[in-house]
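Trainee: need a 3D model of the following:
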Amino acid sequence: MLVIRPKVDFEVNVEAEITPELATKPIEEIKQFKVYYGNHLVSLDELFEVEKNGSEEVLVLEGDFSRVKWVGVGMQSGEIIVKGDIGAHCGAFMKDGRIIIEGNADDWLGAEMEGGEIVVKGSAGNCVACPYWGDLEGMKGGKITIEGNAGNYIGEKMCGGEIEIKGNAGDFIGTEMKDGRIIIHGNCGYVGGDMKGGEILIGGSFELVPAFVKTEDGFVGDVNVSGQGKVKALK
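Mentor: Reported below is the predicted structural model:
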């Protein structure tokens with residue numbers, strides 16, 4: 001297990017592509033792992049205290065990581081436990097393993113995620129499980145659970161996997177969605193624009209784009225793109 005704590009309050013963002021695999025390295029190699037502090041490339045131990053206990057693939061982040069980006073990017077195994085808030089792009093391109101965030105998550109959580117699990121005890125920002133600009137596919141597999149609220153553009157171009165939001169969400173849910181499932185227990189804004197497939201279940205109120213057909217089992221669309229996506233009430 002590797003425990004990392006910030007030494008200072010960060011004045012600019014930190015880009016730290018750290019994954020649980022780092023915990024298996026020798027302590028001196030861990031300390032010399034390179035991260036960006038603004039536009040400066042520095043060693044991990046210049047910004048963080050590091051404490052290694054054994055060699056299991058568990059990464060524990062203690063303190064304020066709200067300005068630390070790219071944690072868990074591309075991770076393939078192990079576990080990350082964030083004892084507080086986390087910055088943008090957490091779990092992007094994730095393939096397997098588990099991330100538990102005890103606070104809030106910034107934008108682009110689980111972007112283009114392929115597998116594994118992310119659990120957010122607080123709320124999340126915009127673009128959860130979305131593709132990066134210019135890419136054609138968002139989340140492909142795995143599960144994201146957000147126990148609080150989430151922002152706009154949730155599950156854009158989603159191709160598989162599941163997103164569950166236990167609070168409310170914003171606008172443009174499941175835009176250009178192809179497959180997978182989004183569950184929102186609370187309210188949200190506009191849903192299903194250019195949706196081609198998949199399923200969105202909503203417990204509260206929502207706004208549906210006009211290009212959906214009402215059926216006995218909910219709404220099907222977006223008919224403008226010959227879509228067969230389903231939007232229905234969460235029972």
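
Trainee: tally of neighbours for the residue nearest to Asp171 when sequence neighbours are not counted?
Mentor: Distance criterion Cβ to Cβ, 6 or more residues apart in numbering; nearest residue to Asp171, sequence neighbours excluded, is Gly189 at 3.4 Å. Where C-beta positions appear, they are placed from N, C-alpha and C, glycine not excepted. A count of nearby residues for Gly189, using other Cβ atoms under 10 Å, gives 14.

Trainee: pretty sure Gly189 contacts Gly174?
Mentor: No: Gly189 lies out of contact with Gly174 (Cβ atoms under 8 Å); the separation is 11.5 Å.

Trainee: next, the contact list for Glu57, please.
Mentor: By Cβ atoms under 8 Å, 6 or more residues apart in numbering, Glu57 lies in contact with 20-21, 23-24, 77-79, 97.

Trainee: quick one: the residue nearest to Asp171 from Ile30, how far?
Mentor: 43 Å (Cβ to Cβ, to the nearest Å).

Trainee: could you do Thr19 as well?
Mentor: Distance, Thr19 to Ile30, by Cβ to Cβ: 12 Å.

Trainee: what does Gly155 give?
Mentor: Distance from Gly155 to Ile30, by Cβ to Cβ: 35 Å.

Trainee: between those two, which one's more packed in?
Mentor: Neighbour count, other Cβ under 10 Å: between Gly155 and Ile30, Gly155 has more, with 33 against 21.

Trainee: so for the helix or strand hosting Val82, mean pLDDT?
Mentor: According to DSSP states H and E, Val82 maps onto strand 79-83. Strand 79-83 comes out with an average pLDDT of 98.

Trainee: which other helices and strands contact that strand?
Mentor: strand 58-62, strand 98-101 (3 or more Cβ pairs under 8 Å, 6 or more residues apart in numbering; DSSP states H and E).

Trainee: could you export those as TSV, including mean pLDDT, distance to Phe10 and mean neighbour count?
Mentor: TSV is the format used below for the helices and strands packed on strand 79-83 (pLDDT from 0 to 100; distance: least, Cβ to Cβ, whole Å; neighbours: other Cβ atoms under 10 Å):
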stretch	mean pLDDT	distance to Phe10	mean neighbour count
strand 58-62	98	13	20
strand 98-101	98	18	23
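
Trainee: who wins for proximity to Gly141 among those strands?
Mentor: strand 98-101 (14.0 Å; Cβ to Cβ).

Trainee: direction included, what does the helix or strand just after that closest one pair up with?
Mentor: Toward the C-terminal end, the helix or strand that comes next after strand 98-101 (DSSP H and E) is strand 117-120. Strand pairing for strand 117-120, using DSSP bridges, gives strand 98-101 (parallel), strand 143-146 (parallel).

Trainee: Gly38 is nearest to which of these?
Mentor: Of the strands paired with strand 117-120, nearest to Gly38 by Cβ to Cβ is strand 98-101, at 23.8 Å.

Trainee: the closest one: how far from the chain's middle?
Mentor: Put simply, strand 98-101 sits 10 Å off its chain's centre (Cα atoms, centre = their mean, to the nearest Å).
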